[in-house]
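Colleague: This is the structure alone, sequence omitted:
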């Protein structure tokens, strides 16, 4: 779906009208200041990154918010008409929660949340039109929504906080489903926990010619772990680097390595490589742990070596 320039502007003015009509005083002033401050970015933002999800198109974010606000108001009136007890929250709380439920998808003060996906393979085969910006601080959309509201001094009630936090469900991440944090075509880094941040920072510090080569996979859970996602990535990149904070011997990376060797051997152009903390007790010294025990300082060299293998 493509919105015309006129439709984009109409939606934006409609959203500002919603703020004008649903809020008063300092709260309205602060909301208008924040929304007008992000106007250029917010007006063009998609509501999702995958085409078969909701509103994955330019202007999809504002269009989605307007629909949620309309739907929530209609449901409120319907339930009230049917005799439901609506005393637990106010219409202003409902409007505020609907307005800001996906606010985190516009990004932070300096970075937009979604950026165009440079991978033609992922766009064509998986419908992944946008990626989450790798330069943005890693946090959930609801947490970023609340953080942005706090940055602009916009207070919210307990009901509003709960609505924003759980609008996707109490458990929005399925156990056993990993996530592609960054896409690439020459090397898959399979990691989890602190390793995700190490991988992002190391790739960003690589020479420019290597940065788009690296795909970063966050497993998010280990038992079960997302074998399908990992094997699919290996079929595309043909190289695997398994990174984890735990020690090398008996680390979970061995299980991942064995699975790749068993089920994706014919796709490999380089040996499956593991990078982990050294086989010693965890040091008491923070400097020793950071600079000697952890594998982060070796990561850049390992990445380049595997890409050039």
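Modeller: Now that the structure is in, tell me what you want to look at. Worth saying up front: this structure is predicted, and the values here are computed from it rather than measured.

Colleague: Over to stretch 211-220 now: how far is its first residue from its last?
Modeller: Length of stretch 211-220, first residue to last, C-alpha to C-alpha, to the nearest Å: 23 Å.

Colleague: Residues in contact with that stretch: which ones?
Modeller: With contact meaning C-beta atoms under 8 Å, 6 or more residues apart in numbering, stretch 211-220 is reached by 118, 173, 177-192, 196, 199-200, 203-204, 206, 225-226, 229-230, 233, 236-237, 303, 307. C-beta coordinates here come from the backbone N, C-alpha and C atoms, glycine included.

Colleague: Can you pull the domain assignment for the chain?
Modeller: If you go by automatic domain parsing, the domain ranges for the chain are 5-166, 179-307.

Colleague: Could you dump those into a markdown table and include mean neighbour count and mean pLDDT?
Modeller: Shown next, in a markdown table, are these (neighbours: other C-beta atoms under 10 Å; pLDDT from 0 to 100):
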| stretch | mean neighbour count | mean pLDDT |
| --- | --- | --- |
| domain 5-166 | 16 | 92 |
| domain 179-307 | 18 | 93 |
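
Colleague: which neighbours does the longest strand along the chain have in its sheet, and in what orientation?
Modeller: Identified as the longest strand of the chain according to DSSP state E is strand 240-247. Looking at strand 240-247 with DSSP bridges, its partner strands are strand 187-191 (parallel), strand 273-277 (parallel).

Colleague: Centre of the chain to the first one, how far?
Modeller: So the one you mean is strand 187-191. 17 Å (C-alpha atoms, centre = their mean, to the nearest Å).

Colleague: Now do the next helix or strand after it and strand 273-277, the angle between them.
Modeller: Next in sequence after strand 187-191, counting helices and strands by DSSP states H and E, comes helix 194-204. Between the axes of helix 194-204 and strand 273-277, defined by axes from the mean of the first three to the mean of the last three C-alpha atoms, to 10 degrees, the angle is 120 degrees.

Colleague: Most distant residue from the centre of the protein?
Modeller: Distance from the C-alpha centroid of the chain peaks at residue 83, with 39.7 Å (C-alpha atoms, centre = their mean).

Colleague: burial count for the residue nearest to residue 271 when sequence neighbours are not counted?
Modeller: For residue 271, ignoring the flanking residues on the chain, the nearest one in space by C-beta to C-beta, 6 or more residues apart in numbering is residue 309 at 7.9 Å. Counted with other C-beta atoms under 10 Å, residues neighbouring residue 309 total 13.

Colleague: any idea which helix or strand comes after the longest strand of the chain?
Modeller: Heading C-terminal from strand 240-247 (DSSP H and E), you reach helix 253-263.

Colleague: Could you tell me the angle between that next one and helix 194-204?
Modeller: 70 degrees.

Colleague: So which other helices or strands are in contact with helix 253-263?
Modeller: Under the contact criterion of 3 or more C-beta pairs under 8 Å, 6 or more residues apart in numbering; DSSP states H and E, helix 253-263 touches helix 227-237, strand 240-247, strand 273-277.

Colleague: mind listing the helices for the stretch 51-200 of the chain?
Modeller: Using DSSP state H, counting those that start in this stretch, the helices of the stretch 51-200 of the chain run over 60-81, 91-100, 120-126, 141-151, 158-166, 194-204.

Colleague: Output the ones you listed as TSV; include the columns distance to residue 14.
Modeller: Converted to TSV, those look like this (distance: least, C-beta to C-beta, whole Å):
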stretch	distance to residue 14
helix 60-81	6
helix 91-100	12
helix 120-126	30
helix 141-151	21
helix 158-166	21
helix 194-204	37
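
Colleague: Since that was my last question, I'll sign off now.
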